[in-house]
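A.B. asks: Have a look at this fold, sequence not included:
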């Protein structure tokens, strides 16, 4: 069952990668580095390429939901890093971008770190474990704090937030969404036969709120950075948040995990994080945007 879930997650990564690329190209062309407003989001629904990206993302998310319902978060979440390589290749070909050495090394670090974490997590995940209502409620309360912090920042600093903030916010929010989706899926599949009666209404509400705000953050991240940077942030930050909740709140890891394996998992996660940070600094698209910003500043100062 675990390996079937892994296969579904891998297939989902492909759909997510191509969906991300389709949407990113549309947002970048329409927003041009500016913030995507509420009206801007509505206009995107009239763009066929963006809608196609939405359909692909929905298919990828559906496969990921199945994977989350069939295997622990610690196994499923990091697999999304595969989408990073696919997005990078597609974006480079579409925009004729030549990858520099630091970017290639950063992508390798993201992939190696995430892949190592997956295989280690498969070995140490608890085979049987049930999510209690207390664990579910605690997760939602922490999510409410995250929504207040990130949503408040958008209200207070509407035009000062860069791509990394939106990537960070989206990664955190979708990490919580993944946890709650797994919680809801497990409740629906409970053998007691109650189906929807097992699902808490506040979990559904939390998924909707976090999902909408996270989607808004992703669209703004598209307008301010390359799609491979966006998906790199999501495929590292999202799993870290989801896995942290799985370990700290849901108790998904085997209590008899050896210290060496635990340290190896931490090390693998750190390698992936370093890869994202390096990608955010050395990606050719990022360097080009910074150079363009400096040129505009010089022109403005010259006037």
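C.D. replies: Looks like it came in fine. A quick note: this is a predicted structure, and the numbers were derived from the prediction, not measured. Numbers count the residues shown, from 1 in each chain.

A.B. asks: Mind naming the longest helix for the protein?
C.D. replies: Using DSSP state H to define each element, the chain has its longest helix at helix 2-31.

A.B. asks: What residues of that helix count as buried?
C.D. replies: For helix 2-31, burial by neighbour count (16 or more other C-beta atoms under 10 Å) applies to 5-6, 8-9, 11-28, 30-31. C-beta: built from backbone N, CA, C; applies to glycine.

A.B. asks: Same question for stretch 275-291.
C.D. replies: Buried residues in stretch 275-291 (16+ other C-beta under 10 Å): 275, 276, 278, 279, 280, 282, 283, 284, 285, 286, 289.

A.B. asks: what about the helix or strand the fifth one falls within, distance to the chain center?
C.D. replies: In other words, residue 280. Assigning secondary structure by DSSP states H and E places residue 280 in helix 259-282. Its chain's average C-alpha position is 16 Å from that of helix 259-282, according to C-alpha atoms, centre = their mean, to the nearest Å.

A.B. asks: ok, and what's touching it?
C.D. replies: Helix 259-282 has contacts (C-beta atoms under 8 Å, 6 or more residues apart in numbering) with 78, 81, 100, 102-103, 105-114, 116-117, 120-121, 123-124, 163-164, 167, 225, 228-229, 232-233, 236-237, 240, 286.

A.B. asks: so what pLDDT did the closest residue in space to residue 63 that isn't next to it in sequence get?
C.D. replies: The spatial neighbour of residue 63 that comes closest, neighbours along the chain excluded (C-beta to C-beta, 6 or more residues apart in numbering), is residue 12 at 3.4 Å. Looking at residue 12, its pLDDT stands at 86.

A.B. asks: Do I have it right that residue 12 meets residue 58?
C.D. replies: No. Look at residue 12 against residue 58 with C-beta atoms under 8 Å: they stay out of range, at 10.6 Å.

A.B. asks: How many residues are close by the nearest residue to residue 26 once chain neighbours are set aside?
C.D. replies: Excluding the flanking residues, the one nearest residue 26 by C-beta to C-beta, 6+ apart is residue 50, at 4.2 Å. Per other C-beta atoms under 10 Å, the neighbour tally for residue 50 reads 22.

A.B. asks: any idea how far residue 50 lies from residue 259?
C.D. replies: 48 Å (C-beta to C-beta, to the nearest Å).
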